[in-house]
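K.L.:
no sequence for this one, just the structure:
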């Protein structure tokens, strides 16, 4: 049983817990604080399907996500992008087939070890009522707590570093709820950074943001991936943003993968028409060669 808990917060002073990314870490088998998470996280799908009564949402997907790259999941609404991401994050279980992380099928991971590999941010972020940015970011350290359950100096350092990475140092003491949409998204990203996972799963991380903040958040995600070698798998609704900020794209239509490759390979009129069902023209981006 891998705690299929959805995001919620209970108000209890510092005992507030955001269970979105933590996958309900079990408190048994606390190891000492990390030195290293081992090899980079690789996700592999072998013939994975997901069905609800009367409808198959994903049909026999087999693919391996590239390591240390930003990978965008694209496709029309209802194409299965979010379902796929939820399965990768263990928030839904495949109807058939196997999803593995580092060659271990997902059910074989205890929740704490999994949270050290994979951080998941849902599209609807829970309210962080009464929490400062620093308190929210500190929740990301939960999978690394020592056997005594103490928050130590390593944790404190990781939290301050994560806040700096996303550029929120001046806001560390501010309440999360008082931030703008772009700042709030960056605070949640900082929580995943402090979690020290090697892979980030992001479900439409920019859907609530205006264009300027979309660019800011996606550029940050791209930079974090490049500087820290993180694997990022993100559902993106804006094909132009996906082409600009992703290293790799996986295109779904009606629950089937119909293309995967670099933005250059995917951003052709033929492929995009196959993905979205409507003809599209492609213009190179004025700032660079990318489409």
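P.N.:
On my side now, so go ahead. From a predicted model like this one, the values you see are computed outputs, not experimental measurements. Numbering: from 1, shown residues only.

K.L.:
Could you use CA atoms for every contact and neighbour count after this?
P.N.:
Fine.

K.L.:
show me where the stretch 101-250 of the chain has helices.
P.N.:
111-117, 133-139, 153-165, 181-194, 211-228, 239-245 (DSSP state H, counting those that start in this stretch).

K.L.:
Counting by contacts, list what the second one packs against.
P.N.:
The helices and strands touching helix 133-139, judged by 3 or more CA pairs under 8 Å, 6 or more residues apart in numbering; DSSP states H and E, are helix 153-165, helix 181-194.

K.L.:
Name the stretch among these that sits most buried.
P.N.:
Among the helices and strands packed on helix 133-139, the stretch with the highest mean neighbour count (mean count of other CA atoms under 10 Å) is helix 181-194, at a mean of 24.

K.L.:
Tell me how far that helix lies from the chain's centre.
P.N.:
Centroid separation for helix 181-194 versus its chain: 11 Å, with CA atoms, centre = their mean, to the nearest Å.

K.L.:
go on, stretch 175-190?
P.N.:
In terms of CA atoms, centre = their mean, the centre of stretch 175-190 is set 16 Å apart from its chain centre.

K.L.:
Make CSV out of the helices of the stretch 101-250 of the chain and add distance to residue 275 and mean pLDDT.
P.N.:
Listed next are the helices of the stretch 101-250 of the chain as CSV, based on distance: least, CA to CA, whole Å; pLDDT from 0 to 100:
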stretch, distance to residue 275, mean pLDDT
helix 111-117, 31, 90
helix 133-139, 37, 94
helix 153-165, 35, 92
helix 181-194, 28, 91
helix 211-228, 22, 91
helix 239-245, 11, 94
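
K.L.:
Residue 56 is nearest to which of those?
P.N.:
For the helices of the stretch 101-250 of the chain, the distance to residue 56 is smallest for helix 239-245, at 24.7 Å, taking CA to CA.

K.L.:
So what touches that closest one?
P.N.:
Outside of helix 239-245, the residues within contact range by CA atoms under 8 Å, 6 or more residues apart in numbering are 70, 72, 74, 215, 218-219, 222, 236, 249, 263-264, 267, 290-291.

K.L.:
from those residues, which is closest to residue 119?
P.N.:
Using CA to CA, residue 70 is the member of the contacts of helix 239-245 that lies nearest residue 119, at 14.2 Å.

K.L.:
for the stretch 51-200 of the chain, what are the low-confidence residue spans?
P.N.:
146-148 (pLDDT under 70).

K.L.:
quick one, strands of it?
P.N.:
55-64, 70-74, 96-101, 104-105, 118-121, 199-203 (DSSP state E, counting those that start in this stretch).

K.L.:
to the chain's geometric centre, what's the distance from the last one?
P.N.:
Right, the one you point to is strand 199-203. Using CA atoms, centre = their mean, the offset of strand 199-203 from its chain centre is 1 Å.

K.L.:
Kindly report the same for the fourth one.
P.N.:
Here strand 104-105 shows a centroid-to-chain-centroid distance of 19 Å under the convention CA atoms, centre = their mean.

K.L.:
Please apply the same query to the longest one.
P.N.:
Taking CA atoms, centre = their mean, one finds strand 55-64 lying 19 Å from the centre of the chain it belongs to.

K.L.:
Name the residues that touch that strand?
P.N.:
Contact with strand 55-64 is made by 42-51, 79-80, 83-84, 97, 254-257, as judged by CA under 8 Å, 6+ apart.

K.L.:
Okay, and which of these map to helices?
P.N.:
83-84 (DSSP state H).

K.L.:
Selecting buried members of the contacts of strand 55-64 in ChimeraX, what would you type?
P.N.:
Of the contacts of strand 55-64, the buried ones go into a single ChimeraX selection, burial set by 16 or more other CA atoms under 10 Å:
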select :42,43,44,45,48,49,50,79,80,83,84,254,255,256,257
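
K.L.:
Please point out which parts of stretch 122-140 sit buried.
P.N.:
In stretch 122-140, counting by 16+ other CA under 10 Å, buried: 122, 125, 128, 130-140.

K.L.:
Show me the beta-bridge partners of the residue nearest the centre of the chain.
P.N.:
Central residue of the chain (CA atoms, centre = their mean): residue 201, 1.7 Å from the mean position. On the basis of DSSP bridges, residue 201 is bridged to residue 120, residue 233.
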